[in-house]
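Visitor: With the input below, show me the fold.
(chains A, B, C and D)
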There are 2 protein chains.
Amino acid sequence: MEKFFARVGQFVQLSKESRDAMASVLRKMELPKGHVLVKQDSVCHYIYYIEQGLTRTFYYKDGKDVTDWLSAEDMFACSIISFLTRQLDRRGIELLENTTLWGLHYDELEKLYKHYHDIERLGRLLVSFGLIQLQQRFDDLHFATAAQRYRTLMDTNPSFIQRVPLGMIASYLGITQETLSRIRAQH
Amino acid sequence: MEKFFARVGQFVQLSKESRDAMASVLRKMELPKGHVLVKQDSVCHYIYYIEQGLTRTFYYKDGKDVTDWLSAEDMFACSIISFLTRQLDRRGIELLENTTLWGLHYDELEKLYKHYHDIERLGRLLVSFGLIQLQQRFDDLHFATAAQRYRTLMDTNPSFIQRVPLGMIASYLGITQETLSRIRAQH
DNA sequence: CTGGTTTTTTGACAATTGTCAAAGGGCTTC
DNA sequence: GAAGCCCTTTGACAATTGTCAAAAAACCAG
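Guide: Numbers count the residues shown, from 1 in each chain, chains lettered A, B, ... in the order given. Below you'll find the model as predicted:
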């Protein structure tokens, strides 16, 4: 739990009360590789902080598996649209490794938001951080070539390349597995 | 200003005090087509609500003009990464039509966040809304063909097609002007 | 160590999109 | 109404990436 609060402390210095209130509703989970954290076409009720391990957010587009997002140690995982809108979403989340994470339920988080201004602030900053990350990834996809996108990934998250199967990396980058294999072959 | 608060009211019902405090720092601007709202490679200090008109957020990638975002009536415009991180960003914002907008300065907004819990909540919900929109656009770009993306735009923002030059629509969709012209020729 | 499964690479070819160049169209201004 | 400008379309060709199929390599379990 210290790791969680260390991460959160990078956004806001929470008061003792807020921190305790949040600690009381955090749920630790230790789950095996392959476990389905969020089912596809369902509502995502938790936001997860990953202490150790690796998660993959994915969906099917025209029958093909698409990797939407990857989250490892000290990152957050969540089916964002579903969590925020409380609606079904095609995105599911599965574990690519045995994973230790902390879950925070939507309803509990809403209560915290109402009672504690500093937690509402934390929420705003977390969403802002997510928006910045997505915007950067969007820019990459918008007008960079496949090879450039692969390079960006090597620079920002080199460990993914070791830990995630090639086909999943490829769809994360918006290309096919064959194209990625060829990019790698050319160094 | 009523329009602004009507829009904001869709996210949070602000208290009278919060509303008044916000109203006192909102700045109305009426600017001509072609005006540069935010310079490229600068820090964006304002978030803008558009009462009437049309703005374009853009940058240059390898010497080519890329349209990042378009905002019309009742939407918000802002160079998001710059506004949130307080750092320079290559994105600039220009007006594609004579435009009436309301600007809220970053420093004033920060003060409002600190003093009023409900405005902090509004900020969280606005950023969440932005994140959802960007995620949907990202999904579209991720594995939809150029023709599908054009269709999505026709469904979500048909007026853009009338009001924005083809080349800007094309780069917004992540394709060249020629490709878009050919997609249109095939109906 | 071995057989079987999964993952990655390679090949041949097709489809999509980009590039460069030129030609039309429409609008404004003098 | 002619000249000039901006926006859009079209053509020919090149580059990039996708598709389908099969081979090679890596990984795992018994």
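Visitor: would residue A:111 count as being in a helix?
Guide: Yes. Judged by DSSP: H, G, I helix; E, B strand; the rest coil, residue A:111 forms part of a helix.
Visitor: now it: how far from DNA strand C?
Guide: From residue A:111 over to DNA strand C the distance is 40 Å, taken as Cβ to the nearest atom of the strand, to the nearest Å. C-betas here are computed from N, CA, C, even on glycine.
Visitor: That residue: neighbour count?
Guide: 14 (other Cβ atoms under 10 Å in any protein chain shown).
Visitor: is chain B contacted by stretch A:52-72?
Guide: Yes. Remark: stretch A:52-72 sits within contact range of chain B at A:61, A:62, A:64, A:66, A:68, by Cβ under 8 Å from any Cβ of the partner chain.
Visitor: ok, now stretch A:83-95?
Guide: Yes. Interface with chain B: stretch A:83-95 contributes A:84, A:85 (Cβ under 8 Å from any Cβ).
Visitor: Contact partners for residue A:109?
Guide: A:25, A:47, A:123 (Cβ atoms under 8 Å, 6 or more residues apart in numbering or on different chains).
Visitor: Relative to chain B, how far out is it?
Guide: Per Cβ to the nearest Cβ, to the nearest Å, residue A:109 is found 11 Å from chain B.
Visitor: next one: residue A:112
Guide: From residue A:112 to chain B the distance is 12 Å (Cβ to the nearest Cβ).
Visitor: residue contacts, that residue?
Guide: Contacts of residue A:112 (Cβ under 8 Å, 6+ apart): A:18, A:21, A:22, A:25, A:119.
Visitor: Quick check: which helices or strands does the top helix by length along chain A pack against?
Guide: As assigned by DSSP state H, the longest helix anywhere in chain A is helix A:117-143. Helix A:117-143 sits against helix A:16-25, helix A:106-115, helix A:146-156, strand B:64-72, helix B:80-85, helix B:117-143, with contacts defined as 3 or more Cβ pairs under 8 Å, 6 or more residues apart in numbering or on different chains; DSSP states H and E.
Visitor: what does the shortest one contact?
Guide: What it means is helix B:80-85. Here helix B:80-85 has contacts from A:128, A:131-132, A:135-136, B:38, B:42-47, B:87-89, B:91, B:106, B:130, using Cβ under 8 Å, 6+ apart.
Visitor: out of the residues you listed, which touch DNA strand C?
Guide: For DNA strand C, no contacts are drawn from the contacts of helix B:80-85 by Cβ under 7 Å from any atom of the strand.
Visitor: Please pick the buried ones from those residues.
Guide: Taking 16 or more other Cβ atoms under 10 Å in any protein chain shown as the criterion, what is buried in the contacts of helix B:80-85 is A:128, A:131-132, A:135, B:38, B:44-47, B:89, B:91, B:106, B:130.
Visitor: ok so, going back, make a markdown table from the contacts of residue A:109 and add pLDDT to it.
Guide: Shown next, in a markdown table, are those (pLDDT from 0 to 100):
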| residue | pLDDT |
| --- | --- |
| A:25 | 98 |
| A:47 | 98 |
| A:123 | 98 |
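Visitor: Nearest to residue B:10 among these?
Guide: residue A:123 (18.7 Å; Cβ to Cβ).
Visitor: Is it correct that the closest one is in contact with residue A:113?
Guide: Yes. If you go by Cβ atoms under 8 Å, residue A:123 and residue A:113 touch, sitting 5.9 Å apart.
Visitor: out of these two, which sits in the busier spot?
Guide: The residue with more neighbours, out of residue A:123 and residue A:113, is residue A:123; 24 against 19, by other Cβ under 10 Å.
Visitor: Could you pull up the residues touching that one?
Guide: Residue A:123 neighbours (Cβ under 8 Å, 6+ apart): A:109, A:113, B:124.
Visitor: Tell me how far the residue in chain A positioned nearest to DNA strand D lies from chain B.
Guide: Taking Cβ to the nearest atom of the strand as the measure, the point where chain A comes nearest DNA strand D is residue A:179, at 3.3 Å. Remark: distance between residue A:179 and chain B (Cβ to the nearest Cβ) = 13 Å.
Visitor: and the angle for the helix or strand that residue falls within with helix A:146-156?
Guide: If you go by DSSP states H and E, residue A:179 is part of helix A:177-185. Following axes from the mean of the first three to the mean of the last three Cα atoms, to 10 degrees, one obtains 70 degrees for the angle between helix A:177-185 and helix A:146-156.
Visitor: Can you spell out which helices and strands pack onto helix A:177-185?
Guide: Using 3+ Cβ pairs under 8 Å, 6+ apart, helix A:177-185 is in contact with helix A:146-156, helix A:166-173.
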